[in-house]
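Enquirer: output the structure for:
(one chain, ligands or ions: 2)
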Amino acid sequence: MAKQAAIIGGGVIGGGWAARFLLAGWDVAVFDPDPEAERKLSEVLENARASLPALSDMTMPKEGTLRLVGTMSEAVSGADWIQESVPERLELKRKVYQQIQSHSRPGTVIGSSTSGFKPSELKGCATRPEEIVVTHPFNPVYLLPLVELVPGETPAELIESAKETLRAIGMHPLHVRKEIDAHIADRFLEAVWREALWLVKDGIATTEEIDDAIRMGFGLRWGQMGLFETYRIAGGEAGMKHFLEQFGPCLTWPWTKLMDVPEYNEELVDLIAGQSDAQSGQYSIRELERIRDSNLVGFLRVLKDRNWGAGKVLRDHDDARREDAVEEAAAEAAPLELAHLQVLPGWIDYNGHMTESRYLYACSETTDAFMRLIGADMAYVEAGHSYYSVETHMMNMGEAKLGDRLLGTLQVLEADAKKMHVFVRILRDGEAVATLEQILVHVDSAAGRACPARPEIMDRLRPIAEAHKALPRPQAAGRFTGQRREK
Ligand SMILES: NC(=O)C1=CN([C@@H]2O[C@H](COP(=O)(O)OP(=O)(O)OC[C@H]3O[C@@H](n4cnc5c(N)ncnc54)[C@H](O)[C@@H]3O)[C@@H](O)[C@H]2O)C=CC1
Ligand SMILES: C[N+](C)(C)CC(=O)CC(=O)[O-]
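Expert: Numbering: from 1, shown residues only. Ligands and ions are numbered 1, 2, ... in the order given. Predicted coordinates:
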């Protein structure tokens, strides 16, 4: 039976959590008194469905079911994880925990999304304070892996089980060992935010100039190496020591105003909101979310290819899910949904649609994802084995256009220890824009000749190939070039 998550407060962050759990296969109950909650949740979920699967090279788990419930007790009774994401007001959060704990199963973790409160503040007069931990995520929760885990009076086993749950839904729990206002990451965000408010208030820079200062430069560095690793390199060959010697003293120069906060008043709000409207008002918030999400997917995919930073979290998650994904794939006779792509500007040719090589690329991404699913991944390749394609027949049936979202599915036609015969469909809204029939041979790459796949690969490939025998053979399989097309 699927695990159950209760989400209390289904706004920006609660909606993101709901999507994260649902797409990881959990059943989710959301309690939120907002009459608009259902619409808002469905919009967040739509964004998540369009982006998160693109980070996975395994088949995704079967999506859980979503229930919007009318009472707190319906949401939390029977829940295996409770995530509180109500507005950042201490009294409200404390009241909510009392309500939760009068209906929840003892021993269930109650994660709070709070950006700044400490567990010792949150517990108030909770009946079971040890269950309350901070699990502070980052927006969009369904794409960014970081979650700051700040335990309160929580026993070690409950902390470990909380970490296990967070990893199972694809997140990276950062254990904050000592509680502190605003945890670790929000302290940085607040510091940068304060400096930015000063720069706008003092008329030094606009919101757009500040965003450019981040996104054209150090923001890109931070996203892949963080602060210390980046500055270690900036110290040249002498590394961090030289960097500190050179730039340490400047901390006492007037390079920062961090201890000083600009007065929060209507004038400041109007100044910043006005500049932000001028900068980005041509987009709706939903449009901005989609732009943000597809940029993040692009970054994260690159980091995943390099097995670096947040990309390593994605790889580890795939590895941890491999056996379940193979089992799920073998349990159902259906083509495997393996690659999620979006047609990018550089993929468009002089005919105004996706260029020929990108159709093949989309198919290769699908077969590569299948290889990773059965364990023929980079480690396997580095150990001297791989699959090489020896015959390929591709058909083009539709014109993929800029921005189209494509899904690559794969059906195994035949497989034995030395070769696989597969059929790939590239779908847009369920209709094939291209198909590919391919034979791949298992090789000993050093010797440069075919050889049987290792037993652990066959243990995964065989049950999937067996399940796919029940699928109808695609009409296009076995076609010769130029053969008349059936209507
Ligand atoms: N927005 C952000 O960037 C981030 C926010 N957070 C934290 O997440 C929490 C929620 O923030 P947002 O989602 O941004 O706020 P939000 O205003 O978008 O959502 C809060 C939701 O809680 C609902 N709510 C109010 N009272 C409730 C109750 N008694 N029971 C159930 N639901 C109730 C509201 O109807 C609303 O839908 C806060 O603690 C915030 O600090 C954490 C990370 C990032
Ligand atoms: C501004 N904020 C404090 C609500 C930010 C966060 O809590 C994390 C984020 O997603 O930036």
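
Enquirer: which non-adjacent residue is nearest the closest residue to ligand 2 within the stretch 1-150 of the chain?
Expert: When CB to the nearest ligand atom is the measure, the stretch 1-150 of the chain has its nearest residue to ligand 2 at S115, with 3.3 Å between them. C-beta: built from backbone N, CA, C; applies to glycine. With CB to CB, 6 or more residues apart in numbering as the measure, D186 is the residue that lies nearest to S115, at 5.3 Å, once sequence neighbours are left out.

Enquirer: pLDDT score for the one you found?
Expert: Model confidence at D186, expressed as pLDDT, equals 93.

Enquirer: that one touches G116, doesn't it?
Expert: Yes: with contact defined as CB atoms under 8 Å, D186 and G116 form a contacting pair (6.1 Å).

Enquirer: contacts only, for the residue of the stretch 1-150 of the chain closest to ligand 2.
Expert: If you count contacts by CB atoms under 8 Å, 6 or more residues apart in numbering, S115 has them with 88, 136, 182-183, 186.

Enquirer: neighbour count, secondary structure and distance to R292 for these - can I get that in CSV?
Expert: Compiled in CSV, the contacts of S115 are given as follows (neighbours: other CB atoms under 10 Å; DSSP: H, G, I helix; E, B strand; the rest coil; distance: CB to CB, whole Å):
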residue, neighbour count, secondary structure, distance to R292
E88, 13, coil, 22
H136, 25, strand, 19
A182, 18, coil, 23
H183, 20, coil, 23
D186, 18, helix, 19
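
Enquirer: would you format these as TSV with distance to ligand 1 included?
Expert: Supplementary listing: the contacts of S115 in TSV, determined by distance: CB to the nearest ligand atom, whole Å:
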residue	distance to ligand 1
E88	4
H136	6
A182	10
H183	10
D186	8
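
Enquirer: show me the two of these that sit farthest apart.
Expert: Between any two of these, the greatest separation by CB to CB is 13.0 Å, found for E88 and H183.

Enquirer: what's the overlap in contacts for the two?
Expert: Listed contacts common to E88 and H183 are 115-116; contacts here mean CB under 8 Å, 6+ apart.

Enquirer: all strands for the stretch 251-400 of the chain, in order.
Expert: For the stretch 251-400 of the chain, the strands identified by DSSP state E, counting those that start in this stretch occupy 336-342, 385-396, in order along the chain.

Enquirer: nope, the stretch 101-250 of the chain is what I meant
Expert: Listed in chain order (using DSSP E, counting those that start in this stretch), the strands of the stretch 101-250 of the chain are 109-112, 132-137, 146-150, 172-175.

Enquirer: show me what the second one is packed against.
Expert: Meaning strand 132-137. helix 12-23, strand 109-112, helix 119-122, strand 146-150, helix 156-168 (3 or more CB pairs under 8 Å, 6 or more residues apart in numbering; DSSP states H and E).

Enquirer: hmm, 10 Å instead?
Expert: helix 12-23, strand 81-84, helix 90-101, strand 109-112, helix 119-122, strand 146-150, helix 156-168 (3 or more CB pairs under 10 Å, 6 or more residues apart in numbering; DSSP states H and E).

Enquirer: measure how that strand sits relative to helix 90-101, angle-wise.
Expert: Taking axes from the mean of the first three to the mean of the last three CA atoms, to 10 degrees, one finds that strand 132-137 is oriented at 110 degrees with respect to helix 90-101.

Enquirer: what is the orientation angle of strand 132-137 with helix 156-168?
Expert: In terms of direction (the same axes, to 10 degrees), strand 132-137 departs from helix 156-168 by 20 degrees.

Enquirer: can you say which of the strands of the stretch 251-400 of the chain is packed in most?
Expert: Relative to the other members of these, strand 336-342 carries the highest mean neighbour count by mean count of other CB atoms under 10 Å, namely a mean of 22.

Enquirer: strand partners (parallel or antiparallel) of it?
Expert: strand 405-415 (antiparallel) (DSSP bridges).

Enquirer: and the partner strand, what's buried?
Expert: Residues of strand 405-415 classed as buried: 405-413, 415 (neighbour count, 16 or more other CB atoms under 10 Å).

Enquirer: returning to what we had before: tell me which of the contacts of S115 is nearest to D444?
Expert: Distance to D444 across the contacts of S115 (CB to CB) is lowest for H136, with 48.7 Å.

Enquirer: bridging residues for the closest residue to the closest one other than its chain neighbours?
Expert: Nearest residue to H136, sequence neighbours excluded (CB to CB, 6+ apart): E148, at 4.2 Å. Beta-bridge partners recorded for E148 (DSSP bridges): H136, L174.

Enquirer: same question for I7.
Expert: Using DSSP bridges, the beta-bridge partners of I7 come out as V30, Q83.

Enquirer: how about the contacts made by it?
Expert: I7 makes contact with 13-22, 28-32, 41, 66, 68, 75-76, 79, 81-85, 113 under the criterion CB atoms under 10 Å, 6 or more residues apart in numbering.
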